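**Q** I need the structure of the sequence given here:
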Amino acid sequence: MSANEVRAATSVGAAMLPGTTGSNAGAGSGQQTTLGVMGGGQLGRMFVQAAQAMGYFTVVLDPDVISPAGLVSHYHIQADYLDEQGLAQLMQRCAAITTEFENVPAPALITLGAHRPVAPSAEAVGIAQDRIKEKAHFVRCGVPVAPYAVIETPTQLAEVADDLLPGILKTARLGYDGKGQARVNNRAELDAAWAEMKNVACVLEKLLPLQMECSVIVARGWDGACVNFAPQLNLHRDGILAVTQAYEGNMAPALVQQAVKATKSIANELQYVGVLCVEFFVLQDGAAAAQTLGTLIVNEMAPRPHNSGHYTLDACDLSQFELQVRTLAGLPLVQPRQHSPAIMLNLLGDLWAGGVSPPWHQVLALPGAHLHLYGKLKASKGRKMGHLTITGATVAEVRATALAAARLLGIDPF
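**A** The predicted structure follows:
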């Protein structure tokens, strides 16, 4: 589908702003263009809020009656992702449709894509859903990956090369936030881990010494235009993102260029449309500092906005969610500008231990503190309840404030 065809599908008129009729703007000004999203989590919620700020009506399809996105959308279709009536309602109401998580069933996206512009495509989401296909795609793009082996049969398990151990065994599908993974040091542990995973298709990755982790977020339009945010440094704890640090100079310039180039190559090879995040490892084959150029290898991709890009809501002139709206609606893409250094702290359900809320009054007294809670009614260990972004004039100021916030919240320093 061409960029012009998408604009025709999603704009009320060629001379009108998105979500407006005639010279009048706003939700009450007549017929509105409606954008849909598959999935009702926090990423869908922030997409909905960005779309509404630009004048669009929104529809969320999600089976949860109290989904974070469904609670703030104009319409909420409470249905399973493969429910035929639910999908028909979504197509009837929407001019174009996106997704907020990669495990939306590909057949649902195929059905929707036959009748409406869908971004990202079912093909792109299907590759991100399967580590085996994902690794193969990275190799096709010429982006380095960790040495790995595919394990789908007992024969493949027996043929694993000795030099891949110790390693990380990962299920090919449905793994996220550290789930579906096991560290294995030898063949006995590998055999036991695969059995524990019910002998499903897996990828074994060689365990490599890491200097740091980073990610790059790009937005690519229907016309092939592609813009990006600068790479952000990420710290994971127990497989879940804990801290993101985003500011100029957080990585060596050559490494920044390499990561951005690799991410755009991955997006272009897919003919991707939408917001895409690619996560990388930097190996410890340079000195142990972010300013030295270790080897960059790709870890995985997420065909959607990403937790590590939430800082863009407060530190950039365009957020990752506004870019998601722009790509879906065929609107112009411009290179986003970061106006403030930022550090983001992920707020997990652990912070509500004993049913007691964190000390928000003290946290919000800190300069440059921006609190985003996702409207989830139940806190549980490891559940993403919100995030806190600290912005300021200098990196030193932001770091000091972020560490003060972490102390107040009981988050380990970084």
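
**Q** For the rest of this, base every contact and every neighbour count on C-alpha atoms.
**A** Will do.

**Q** what about the helices in the chain?
**A** In the chain, helices defined by DSSP state H lie at 3-10, 42-53, 68-72, 84-93, 106-113, 122-128, 131-140, 154-158, 187-196, 253-269, 312-315, 320-329, 360-363, 395-409, listed in chain order.

**Q** Ok, which of the ones you listed comes nearest Gly349?
**A** Taking Cα to Cα as the criterion, helix 395-409 is the member of the helices of the chain that comes nearest to Gly349, at 11.6 Å.

**Q** How far away from the center of its chain is the closest one?
**A** Here helix 395-409 is found 24 Å from its chain centre; the criterion is Cα atoms, centre = their mean, to the nearest Å.

**Q** Please apply the same query to stretch 192-200.
**A** Per Cα atoms, centre = their mean, the displacement of stretch 192-200 from the mean C-alpha position of its chain is 28 Å.

**Q** Let me see the residues that make contact with that stretch.
**A** Outside stretch 192-200, the residues that touch it by Cα atoms under 8 Å, 6 or more residues apart in numbering are 152-153, 169, 171-172, 180, 182, 184, 202.

**Q** Could you do stretch 227-234 as well?
**A** The contact list for stretch 227-234 (Cα under 8 Å, 6+ apart) reads 212-220, 241-248, 250-251, 256, 259-260, 308, 333-337.

**Q** Go ahead and build a ChimeraX selection from the buried members of those.
**A** Command for ChimeraX, covering only those of the contacts of stretch 227-234 found buried under the criterion 16 or more other Cα atoms under 10 Å:
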select :212,213,214,215,216,217,218,219,220,241,242,243,244,245,246,247,248,250,251,256,259,260,308,333,336
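
**Q** From the contacts of stretch 227-234, which land in strands?
**A** 212-220, 241-246 (DSSP state E).

**Q** returning to what we had before: same list (the helices of the chain) but as CSV, adding mean pLDDT and distance to Ile343.
**A** As requested, those are exported to CSV (pLDDT from 0 to 100; distance: least, Cα to Cα, whole Å):
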stretch, mean pLDDT, distance to Ile343
helix 3-10, 56, 35
helix 42-53, 98, 19
helix 68-72, 97, 24
helix 84-93, 98, 37
helix 106-113, 94, 35
helix 122-128, 95, 27
helix 131-140, 96, 29
helix 154-158, 97, 42
helix 187-196, 96, 36
helix 253-269, 96, 18
helix 312-315, 98, 9
helix 320-329, 98, 16
helix 360-363, 98, 14
helix 395-409, 98, 7
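
**Q** among the ones you listed, which is nearest Asn299?
**A** Nearest to Asn299 among the helices of the chain is helix 131-140; the distance by Cα to Cα comes to 8.7 Å.

**Q** Distance to Gly294 for the helices of the chain - can I get that in JSON lines?
**A** As requested, the helices of the chain are arranged in JSON lines below (distance: least, Cα to Cα, whole Å):
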{"stretch": "helix 3-10", "distance to Gly294": "39"}
{"stretch": "helix 42-53", "distance to Gly294": "32"}
{"stretch": "helix 68-72", "distance to Gly294": "40"}
{"stretch": "helix 84-93", "distance to Gly294": "46"}
{"stretch": "helix 106-113", "distance to Gly294": "37"}
{"stretch": "helix 122-128", "distance to Gly294": "26"}
{"stretch": "helix 131-140", "distance to Gly294": "19"}
{"stretch": "helix 154-158", "distance to Gly294": "31"}
{"stretch": "helix 187-196", "distance to Gly294": "29"}
{"stretch": "helix 253-269", "distance to Gly294": "8"}
{"stretch": "helix 312-315", "distance to Gly294": "26"}
{"stretch": "helix 320-329", "distance to Gly294": "28"}
{"stretch": "helix 360-363", "distance to Gly294": "36"}
{"stretch": "helix 395-409", "distance to Gly294": "23"}
